[in-house]
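K.L.:
Here is my input; please provide its structure:
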Amino acid sequence: MQHESTFEILSSRAGLSQILQQLARGYDDCVAALGVGTEWAEFPDLFTFLRDLGFTAMMNTLCGPELMKQSPHFGEAFWLLDTNVHFLHMGFPEWLNPAVVRAREDCLQAITKERRFAVENLKGKSCPDDLMWDEIWGSKLMRSRNRMYARI
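P.N.:
Model prediction:
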């Protein structure tokens, strides 16, 4: 069901087009928020700068802006978890790498908090089915996944 809903949204021309437009707006907003203008700028790590810029734009596109507003350090926790996920899969004791365990907990709490916010703010409101993005849920994909999981 998860794959079907993702495919349904991304395979439609209107859905993909609107998501890409929102992503482009998200990139523009992220660059504007950083204050990067036409003057030369130096960054200690260009890869990290671009990775974090893309991550924030993508998360705002997929999940709406509240996730990153409510949990501004979500990206740091996510990338720490991503880099060390093998540690968790290998079943080592948690005390050997408490930072990764904390990062996993931080990510789960951030996502739970954002979902709770979205559910609370959508109570009693209806969202048109053809609306591909809104401020509360972000992409229609997240809204339809929530609907699907709520039924299970």
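K.L.:
need the strands for this protein, in chain order.
P.N.:
133-134, 138-139 (DSSP state E).
K.L.:
Residues touching the last one, excluding its own?
P.N.:
Applying Cβ atoms under 8 Å, 6 or more residues apart in numbering, the contact partners of strand 138-139 are 9, 19, 22, 60-65, 67, 132-133. All C-beta spots, glycine's among them, are computed from the backbone N, C-alpha and C.
K.L.:
most tightly surrounded among the strands of the chain?
P.N.:
strand 138-139 (a mean of 24; mean count of other Cβ atoms under 10 Å).
K.L.:
what pairs with that one, and is each one parallel or antiparallel?
P.N.:
Using DSSP bridges, strand 138-139 pairs in its sheet with strand 133-134 (antiparallel).
K.L.:
what's the burial count for the closest residue to residue 101 other than its chain neighbours?
P.N.:
Distance criterion Cβ to Cβ, 6 or more residues apart in numbering; nearest residue to residue 101, sequence neighbours excluded, is residue 94 at 4.6 Å. Neighbour count for residue 94, taken as other Cβ atoms under 10 Å: 12.
K.L.:
Next, count neighbours for residue 142.
P.N.:
20.
K.L.:
Residue 11 versus the nearest residue to it once chain neighbours are set aside, what's the distance?
P.N.:
Ranked by Cβ to Cβ, 6+ apart and with sequence neighbours excluded, the top spatial neighbour of residue 142 is residue 63, at 5.8 Å. In this view, residue 63 and residue 11 are 21 Å apart by Cβ to Cβ, to the nearest Å.
K.L.:
Which one of those two is surrounded by more residues?
P.N.:
residue 63 (21 against 9).
K.L.:
that older thread, can you put the contacts of strand 138-139 in JSON lines and add pLDDT and distance to residue 148?
P.N.:
Below are the contacts of strand 138-139 laid out as JSON lines (pLDDT from 0 to 100; distance: Cβ to Cβ, whole Å):
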{"residue": "9", "pLDDT": "70", "distance to residue 148": "12"}
{"residue": "19", "pLDDT": "85", "distance to residue 148": "18"}
{"residue": "22", "pLDDT": "90", "distance to residue 148": "21"}
{"residue": "60", "pLDDT": "94", "distance to residue 148": "22"}
{"residue": "61", "pLDDT": "92", "distance to residue 148": "20"}
{"residue": "62", "pLDDT": "90", "distance to residue 148": "16"}
{"residue": "63", "pLDDT": "92", "distance to residue 148": "16"}
{"residue": "64", "pLDDT": "91", "distance to residue 148": "18"}
{"residue": "65", "pLDDT": "93", "distance to residue 148": "23"}
{"residue": "67", "pLDDT": "94", "distance to residue 148": "19"}
{"residue": "132", "pLDDT": "82", "distance to residue 148": "17"}
{"residue": "133", "pLDDT": "85", "distance to residue 148": "18"}
